[in-house]
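Visitor: Coordinates for the following, if possible.
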Amino acid sequence: MALVLLVLLIVLGGWLWLASQPPNQRRPALVKMLLVVGGVVLLYLSLSGRVYLALAILAGVLPFLRRLLMALLARGPTQANPGNQSRVATDILEMSLDHDTGEMTGQVLQGPLAGRSLAHLSEGEFIELLQYCRQHDYDSARLLESYLDRRFADSWRADDPGAAGADSESASTGHQPLTEAEALDILGLKPGASREEIIQAHRQMMQKMHPDHGGSAYLAALINEARAVLLD
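Guide: I've put the predicted structure just below:
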């Protein structure tokens, strides 16, 4: 009975600790929690005189631990940016995408709202910023539209007074080709990434940003362009 209560307390505490971890750290955190629980159980059995039972349990879990260790070693180091994020920057905006949650965050770099976070803008400020982007930079306008689509779906378009002439207005500057550094930022990779890492990063991002999965055509095209630049 004491063992059951001890395990329950450890599991409860471990669950609360696990819930506080960042999404991309929960898998290794879960492994640590299971190892701690297993170690406590084996220690309790050994100290209570049930050494043979502890040895039997240890023999049973050794194959699992071996497979787990091999799987962790096989994953190896990743080329992803800290926090598993990718970054897209234009003349007016800077956006970050969390690969694990799909959440987009952004900052205004230029214009009347420079220095503001997109998370803190009002509806009227979003429309003001969008009009400014359409007048000055095509890529910034398309990037902001993608952010608004992901955050508000199509509801924001009903309040967009410039939607009718948006394409002709913003197309005057045109899309600027990506540099290699920009392509690496978009896919969340570091210089020297291998072909396999580029393909894997592209696949993972398309799973979250493809229009069929709640993304946008512009971001999907940008991700495809980043892949092409790095594999060329």
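Visitor: Neighbours of the closest residue to Ala217 other than its chain neighbours, how many?
Guide: In space, and not counting its chain neighbours, Ala217 is closest to Pro211: 5.3 Å by C-beta to C-beta, 6 or more residues apart in numbering. (Glycine included, C-beta is placed from N, CA and C.) Counted with other C-beta atoms under 10 Å, residues neighbouring Pro211 total 12.
Visitor: Can you give me the pLDDT of Pro211?
Guide: On pLDDT, Pro211 comes in at 75.
Visitor: can you check Ser48 too?
Guide: pLDDT at Ser48 comes out at 70.
Visitor: That one: neighbouring residues, count only.
Guide: By the criterion of other C-beta under 10 Å, Ser48 has 12 neighbours.
Visitor: and the gap between it and Val36?
Guide: As judged by C-beta to C-beta, to the nearest Å, Ser48 and Val36 stand 19 Å apart.
Visitor: Next up, the contacts around Val88.
Guide: Shown in contact with Val88 (C-beta atoms under 8 Å, 6 or more residues apart in numbering): Glu94, Met95, Ser96, Leu97, Leu143, Glu182, Asp185, Ile186, Leu219, Leu222.
Visitor: Then Thr105?
Guide: Met95, Ser96, Asp98, Ser117, Leu118, Ala119.
Visitor: got the residues you listed as CSV, with secondary structure columns?
Guide: Formatted as CSV, these follow (DSSP: H, G, I helix; E, B strand; the rest coil):
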residue, secondary structure
Met95, strand
Ser96, strand
Asp98, strand
Ser117, strand
Leu118, helix
Ala119, helix
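Visitor: Is it possible to mark the buried ones in these?
Guide: Taking 16 or more other C-beta atoms under 10 Å as the criterion, what is buried in the contacts of Thr105 is Met95, Ser96, Asp98, Leu118.
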